[in-house]
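Colleague: here is the input, now give the coordinates:
(one chain, ligands or ions: 1)
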Amino acid sequence: MKNTRGRKRRNKRRIIFICKIAVCFAICVGVIFGLKAAAEMVLQGESKIILKPVGMEIREGEKIPEIKANIMVEGEQDIILDKKSDKTIKDLVTELKKGENYTVICQTDGKTEGSFPVKIVLKKELEKKLKNEWKGIVSIKTETATLHVKNAVGDWEGKKFKKANGQYAVNEFVQLKDGRYYFDENGEKVTGQKKIGVKQCVFSEDGKLQSEKFIGIDPTKPMIAITFDDGPGAEAGRILDVLEKYNARATFFMVGPRVNTYPETVKRIAALNCELGNHSTNHPKLTKLDVAGIQREIQTTTDAISKATGGRKPTVMRPPFGAVNETVKQTVGLPIIMWSVDTLDWKTRSTQATIDSVLNNAKDGSIVLMHDIHKPSVDAAVQLIPKLIERGYQLVTVSELAQARGIHLENGVKYSQFYR
Ligand code: NI
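Modeller: Modelled structure (predicted):
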């Protein structure tokens, strides 16, 4: 009995032991498979697509280019997203690369300076699928870029300013969104005080124009009024450059058709405080016209000058060929300005002869007649302006000269000099 009982106990123990082994084995297998699946999940994970728009730069007024997104993919691409069509993540990426399934949004018309965010908006259908069916398989991240709309004027380069045409601003004002700046002869931004043209300008430390004050002429010192007829000429800008450089002025007697051809020149003549003069429209002898004809000749050019300058009107007139009679005097409605020094530049077409004529004949109070439509005359003016200043003359407009002599210019009255 003792032996039988002992055997039974041993058998029982063996069965328990085998059971324990089996359970252990089962647990181990379970754990291994579980870990393997988990590891696969971790390795495979969710594939990620990143859409990032390309940042861009344009100038004000330029057309906004078509903006596409750069596409990056992280993770497995062969996973099937749609069992019916066998569409994979790779196919989705291909669609995106073609620009499908999303739109790029940037809220600017490109006409205003500034930085504007460029955003990507996924189509609703795609957004829905990502949230539901494709959740955990693939996700799309959209990033933002910036579209810079630069001002149409140009760009800063340290203290210098490179204009949109590639040239640096030199001896000129530049109007920017945040202020008005002036660049000196070296192209550097001016700060503090500076005399520019006929004005004393004050700039802040960062170069913004704070105030400008008109500096009068000195009536005790000699002065000459240079006048240019028949223009503005194609090269009149060269005369204006020199006038601006030497803080000098002149009077331009212009004809309507040329005003319409060179409105920018006329605008600059006005901006430099030079005097706007009317020289008729078709350059006829006004003495041969009736009242209506004279009025038409004057009015058409006055309108053209006004249009070019944003409302400025000529303050003096010069009759073509100097031809004046009573009808002209009573009709033109402006002071009639003749001359005291005739350079005959239109006849000689000689730079040197024109220079000599002025230097030999002009004196304090003279009105000098030249023509800015001839290149030798422009060349002469460019040399004459600094020479006359060097000799102590102030170069002024006809009206300034009259004012300095205490003469009030009257409409229909002829003036040919303002000697002391
Ligand atoms: Ni003329």
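Colleague: what's the burial count for the residue of the stretch 251-400 of the chain at minimum distance from the ion?
Modeller: Relative to the ion, the nearest point of the stretch 251-400 of the chain is Pro320 (4.7 Å; Cβ to the ion). All C-beta spots, glycine's among them, are computed from the backbone N, C-alpha and C. Number of residues near Pro320 (other Cβ atoms under 10 Å) recorded here: 19.
Colleague: next: Glu125.
Modeller: Neighbour count of Glu125, defined by other Cβ under 10 Å: 9.
Colleague: give me the low-pLDDT residue ranges for the stretch 51-200 of the chain?
Modeller: 197-198 (pLDDT under 70).
Colleague: now the helices: where do they sit in it?
Modeller: Assigned by DSSP state H, counting those that start in this stretch, the helices in the stretch 51-200 of the chain fall at 89-97, 124-131.
Colleague: next, the angle from the first one to helix 124-131.
Modeller: Read it as helix 89-97. 150 degrees (axes from the mean of the first three to the mean of the last three Cα atoms, to 10 degrees).
Colleague: tell me which other helices or strands helix 89-97 touches.
Modeller: Other elements packing on helix 89-97 under the criterion 3 or more Cβ pairs under 8 Å, 6 or more residues apart in numbering; DSSP states H and E are strand 47-53, strand 69-74, strand 80-82.
Colleague: need the winner for burial among those strands.
Modeller: Ranked by average neighbour count under the criterion mean count of other Cβ atoms under 10 Å, those are headed by strand 47-53 at a mean of 19.
Colleague: next, the angle helix 89-97 makes with that strand.
Modeller: 10 degrees.
Colleague: how about the residues of this protein by the ion?
Modeller: 229-230, 320 (Cβ under 5 Å from the ion).
Colleague: the same query, at a cut-off of 6 Å, please.
Modeller: Proximity of the chain to the ion (Cβ under 6 Å from the ion) is limited to residues 229-230, 279, 283, 320.
Colleague: got a list of what Lys87 touches?
Modeller: 80-81 (Cβ atoms under 8 Å, 6 or more residues apart in numbering).
Colleague: one step back: among the helices of the stretch 51-200 of the chain, which is the most enclosed?
Modeller: Greatest average neighbour count among the helices of the stretch 51-200 of the chain goes to helix 89-97 (a mean of 17), per mean count of other Cβ under 10 Å.
Colleague: ok, back up a step: OK, contacts around the residue of the stretch 251-400 of the chain closest to the ion?
Modeller: Applying Cβ under 8 Å, 6+ apart to Pro320 gives the contacts 279-280, 283-286.
Colleague: one step back: out of the helices of the stretch 51-200 of the chain, which gets nearest to Asn360?
Modeller: Nearest of the helices of the stretch 51-200 of the chain to Asn360, taken as Cβ to Cβ: helix 89-97 at 79.0 Å.
Colleague: quick one: buried residues of stretch 346-355?
Modeller: 346, 348, 350-351, 354-355 (16 or more other Cβ atoms under 10 Å).
Colleague: average pLDDT for that stretch?
Modeller: Across stretch 346-355, pLDDT averages out at 98.
Colleague: run the chain-centre distance for it.
Modeller: Distance of stretch 346-355 from its chain centroid, counting by Cα atoms, centre = their mean, to the nearest Å, is 40 Å.
Colleague: can I get that stretch in PDB, CA atoms only?
Modeller: Taking Å, rounded to 0.1, in the frame of the first residue of the first chain, the C-alpha atoms of stretch 346-355 are listed here in PDB:
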ATOM      1  CA  TRP A 346      20.000 126.800 -83.100                       C
ATOM      2  CA  LYS A 347      22.000 128.400 -85.900                       C
ATOM      3  CA  THR A 348      25.700 127.600 -85.000                       C
ATOM      4  CA  ARG A 349      25.000 124.200 -83.400                       C
ATOM      5  CA  SER A 350      28.400 124.700 -81.800                       C
ATOM      6  CA  THR A 351      29.000 124.000 -78.200                       C
ATOM      7  CA  GLN A 352      31.900 126.300 -77.900                       C
ATOM      8  CA  ALA A 353      30.200 129.200 -79.800                       C
ATOM      9  CA  THR A 354      27.300 128.900 -77.400                       C
ATOM     10  CA  ILE A 355      29.400 128.900 -74.300                       C
END
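Colleague: who's in contact with that stretch?
Modeller: With contact meaning Cβ under 8 Å, 6+ apart, stretch 346-355 is reached by 343-345, 370-371, 374, 376-377, 379-380, 383-384, 387.
Colleague: now, among the residues you listed, which is nearest to Gln299?
Modeller: His371 (23.5 Å).
Colleague: confidence score at Ile18?
Modeller: We have a pLDDT of 71 for Ile18.
Colleague: so it is in which element?
Modeller: Ile18 belongs to helix 2-44 when elements are defined using DSSP states H and E.
Colleague: got a list of what the residue lying closest to Gln193 once chain neighbours are set aside touches?
Modeller: Nearest residue to Gln193, sequence neighbours excluded (Cβ to Cβ, 6 or more residues apart in numbering): Val202, at 5.5 Å. The contact partners of Val202, taken as Cβ under 8 Å, 6+ apart, are 192-193, 209-212.
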